[in-house]
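Enquirer: what shape does this take:
(one chain, ligands or ions: 1)
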Amino acid sequence: MSDASPVIVWFRRDLRLADNPALSEALASGEPVLPVYVFDEEGEGDSPDGAASKWWLHHSLASLDESLKGLGSRLVLLRGSSKSALVELCREMGARAVFWNRRYEPAVVERDTEIKKSLVDCGVQARSFNGSLMQSPLSVANKSGTPFKVFTPFWKHIQNLSTRTPLAKPDALTTPKSLPKGESLESFELLPRLSWADGFNEEWIPGEKGAEKALSLFAKGGAAKYAKDRDTPSVRGVSRLSPHLHFGEISPNQIWHALDRKKHEPYLRQIAWREFAHHLLFHFKDTPSEPLRPEFAAFPWTRNPGWLKAWQTGQTGYPIVDAGMRELWQTGWMHNRVRMIASSFLVKHLLQPWQDGAAWFWDTLVDADLANNTMGWQWVAGCGADAAPYFRIFNPITQGERFDGDGTYTRRWMPELARLPNKYLFKPWEAPAALLEKAGVDLGGNYPMPIVDHGKARKAALDAYAEMRDAR
Ligand SMILES: Cc1cc2nc3c(=O)[nH]c(=O)nc-3n(C[C@H](O)[C@H](O)[C@H](O)COP(=O)(O)OP(=O)(O)OC[C@H]3O[C@@H](n4cnc5c(N)ncnc54)[C@H](O)[C@@H]3O)c2cc1C
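Expert: Next comes the predicted model:
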């Protein structure tokens, strides 16, 4: 404990002790360290977290607090606007500095710039660091000095840039003589009132320890087979690190340095997609709501609340789509291959605006991330950077057959179809009546008929695209 004026470390999406530049710099200052988290119901300048993210945040804050207690400190929780909370805390504690790791979402950058100014105006030193990306979006540009819009050149470029060697986890913290009491975690009411998220507990270990465990499991097993298994949703072929990365329980640097660059290139490439998504959002600020390719503003979407609901609840009548949507509801996560199939179905087969799908993902994904979600949806809708050409329309029947050939994934999430043979699992409406009866499938009863006909929906999507093109 120390009487000296403390340095506040303001935790945000960097809920970890290892490779945390703001924390390391605060420790290096030799002053006592005051770790703080401010919960702002309105969001940190961006949209407030969705329900699944709040569930994660609750557990992640609890985990960080526990780790800090292990170092003789604790996490001070405050509520309200971050600016007022920090200015007030500096006054109360006589703090001489506030350090934090940057976030790069445009609205947050704007808000943080104001906070920095307010702190400096009060005579407090405010320093920020890059803790969440391998490369700050400000330091990456193509040969003509403009932002990248295509992934491959971006990937080639960033591979050759140097990255910080991960910083060690501190083994002790000097704390101020007294710490403010702060709020209780429970008072933030982050956990859902419904029992909806109960299943999440079986799937996830939020917090830095959970992230370390997930990386170590993946490095020992899945990483070597990633290129082969990453598109098979029934096997543990992917790292499931996305919520840990989103909340900063692990940094991309740590992953980059933990794996062999040559051996694990296909996986590290995905880490670079995350960097690319942040790069795009930083430079193209309106993309969470506006298409990057402006011609798509005229796309003739046909909003249909009933169809949106059927998609959200996994009742479209297309088993691979419904399996994905139910995995999402029950676990807060969906395999990337199935995310692509399910999101494509919403925007192309059902012609619902991609923004409506993004909003549902925002509320239900534990890894909901403004940069990745925006890029993912714009990619699928054909209106984003390096996007899939609009006319390439996933067939939800053949996608199921190709990526879940033995039906393990679909049967897991769709118990009402579990007894159907593989031949009909992805198109139950083609099965003979006697076979359906034997399998206990009642189309229009315990499982819906397809909400749209694939062939007709495909044609309608192509017509809508032509209408948009002709309107230019
Ligand atoms: C419509 C749609 C919406 C999406 N929304 C999100 C989102 O809100 N949050 C999110 O983290 N990812 C999102 N993704 C990207 C991707 O599906 C997830 O990152 C991935 O499924 C997470 O699982 P994982 O950690 O096992 O991934 P792995 O395959 O193990 O990849 C490792 C990491 O690389 C990054 N990554 C992988 N694929 C992508 C990608 N296509 N784009 C950007 N980063 C990627 C993630 O940080 C991921 O954790 C979305 C994709 C689509 C098609």
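
Enquirer: isn't E249 up against L61?
Expert: No: if you go by Cβ atoms under 8 Å, E249 and L61 don't touch, sitting 10.9 Å apart. For glycine as for every other residue, the C-beta is placed from the backbone atoms N, C-alpha and C.

Enquirer: what do these two both touch?
Expert: Applying Cβ atoms under 8 Å, 6 or more residues apart in numbering, one finds that E249 and L61 are jointly contacted by L15.

Enquirer: if you count surrounding residues, which of these two has more?
Expert: E249 (28 against 22; other Cβ atoms under 10 Å).

Enquirer: quick one: pLDDT of the more buried one?
Expert: pLDDT for E249: 98.

Enquirer: spatially nearest residue to it, not counting backbone neighbours?
Expert: A211 (4.0 Å; Cβ to Cβ, 6 or more residues apart in numbering).

Enquirer: which helices and strands sit right next to the helix or strand harbouring that neighbour?
Expert: Element membership for A211, per DSSP states H and E: helix 208-220. Contacts defined by 3 or more Cβ pairs under 8 Å, 6 or more residues apart in numbering; DSSP states H and E place helix 208-220 against helix 51-70, helix 242-246, helix 252-258.

Enquirer: tilt between it and helix 51-70?
Expert: Interaxial angle, helix 208-220 versus helix 51-70 (axes from the mean of the first three to the mean of the last three Cα atoms, to 10 degrees): 100 degrees.

Enquirer: touching the ligand at all, whatever helix or strand comes next after helix 208-220?
Expert: Beyond helix 208-220 in the direction of the C-terminus, DSSP H and E gives the next helix or strand as helix 226-229. No: figure legend: helix 226-229 not in contact with the ligand (Cβ under 6 Å from any ligand atom); closest approach 7.3 Å.

Enquirer: hey, where'd the helices end up in the stretch 251-400 of the chain?
Expert: Ranges of helices in the stretch 251-400 of the chain, per DSSP state H, counting those that start in this stretch, are 252-258, 265-283, 305-312, 319-331, 336-344, 354-364, 370-381, 396-403.

Enquirer: residues in contact with the third one?
Expert: With Cβ under 8 Å, 6+ apart as the test, helix 305-312 has contacts from 315-316, 321, 325, 342, 345-346, 350, 352, 356-357, 360, 448, 451.

Enquirer: can we see that at 7 Å?
Expert: T316, M325, L346, L350, Q352, D356, W360, I451 (Cβ atoms under 7 Å, 6 or more residues apart in numbering).

Enquirer: and the closest residue to the ligand within the chain, what does it touch?
Expert: Nearest to the ligand, among the residues of the chain, is G376, at 2.6 Å (Cβ to the nearest ligand atom). Shown in contact with G376 (Cβ under 7 Å, 6+ apart): R339, S343.

Enquirer: can you tell me the helix or strand for L34?
Expert: Secondary structure (DSSP H and E) places L34 in strand 33-39.

Enquirer: just checking: what are the partner strands of that strand?
Expert: strand 7-11 (parallel), strand 76-79 (parallel) (DSSP bridges).

Enquirer: include distance to G123 when you put those into a markdown table, please.
Expert: Formatted as a markdown table, those follow (distance: least, Cβ to Cβ, whole Å):
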| stretch | distance to G123 |
| --- | --- |
| strand 7-11 | 14 |
| strand 76-79 | 20 |
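
Enquirer: any idea which of those strands is most buried?
Expert: Counting by mean count of other Cβ atoms under 10 Å, strand 7-11 has the highest mean neighbour count of the strands paired with strand 33-39, with a mean of 26.

Enquirer: I'd like the average pLDDT over that strand.
Expert: On average, strand 7-11 scores 98.

Enquirer: so which bits of the stretch 301-450 of the chain are right by the ligand?
Expert: Counting by Cβ under 6 Å from any ligand atom, the residues of the stretch 301-450 of the chain near the ligand are 336, 339-340, 343, 361, 365, 367-369, 372-373, 375-377, 380.

Enquirer: show me which of these are buried.
Expert: When neighbours are counted using 16 or more other Cβ atoms under 10 Å, those contain these buried positions: 339-340, 343, 361, 365, 367-369, 372-373, 375-377, 380.

Enquirer: contact partners for K213?
Expert: Contacts of K213 by Cβ under 7 Å, 6+ apart are I205.

Enquirer: that one and A219, how far apart?
Expert: When distance is defined by Cβ to Cβ, to the nearest Å, K213 is 11 Å away from A219.

Enquirer: what does R458 give?
Expert: 41 Å.

Enquirer: one more: R293?
Expert: Where A219 is concerned, R293 sits at a distance of 38 Å (Cβ to Cβ).

Enquirer: contacts for the one helix or strand T113 maps to?
Expert: Using DSSP H and E, T113 maps to helix 106-121. Helix 106-121 has contacts (Cβ under 7 Å, 6+ apart) with 44-46, 82-83, 86-87, 90, 98, 126, 128, 281-282, 285.

Enquirer: residue ranges with poor pLDDT in this protein?
Expert: The chain contains no residues with pLDDT under 70.

Enquirer: domain-wise, how is it divided?
Expert: Domain segmentation of the chain under automatic domain parsing yields 7-131, 133-164+211-283, 294-467.

Enquirer: do you know which of those lies nearest T175?
Expert: domain 7-131 (4.6 Å; Cβ to Cβ).

Enquirer: does stretch 157-167 reach the ligand?
Expert: No: no part of stretch 157-167 sits near the ligand under the criterion Cβ under 6 Å from any ligand atom; the closest distance found is 13.6 Å.

Enquirer: what residues of that stretch count as buried?
Expert: Neighbour-count burial for stretch 157-167 [16+ other Cβ under 10 Å]: H157, I158, R164, P166, L167.

Enquirer: got TSV for these, with secondary structure and distance to L138 too?
Expert: Shown next, in TSV, are the buried residues of stretch 157-167 (DSSP: H, G, I helix; E, B strand; the rest coil; distance: Cβ to Cβ, whole Å):
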residue	secondary structure	distance to L138
H157	helix	14
I158	helix	13
R164	coil	16
P166	coil	22
L167	coil	21
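
Enquirer: out of those residues, who's nearest L443?
Expert: Of the buried residues of stretch 157-167, the one sitting nearest to L443 (Cβ to Cβ) turns out to be I158, at 49.7 Å.

Enquirer: for the closest one, which non-adjacent residue is spatially closest?
Expert: Per Cβ to Cβ, 6+ apart, closest to I158 is Q135, 5.6 Å.
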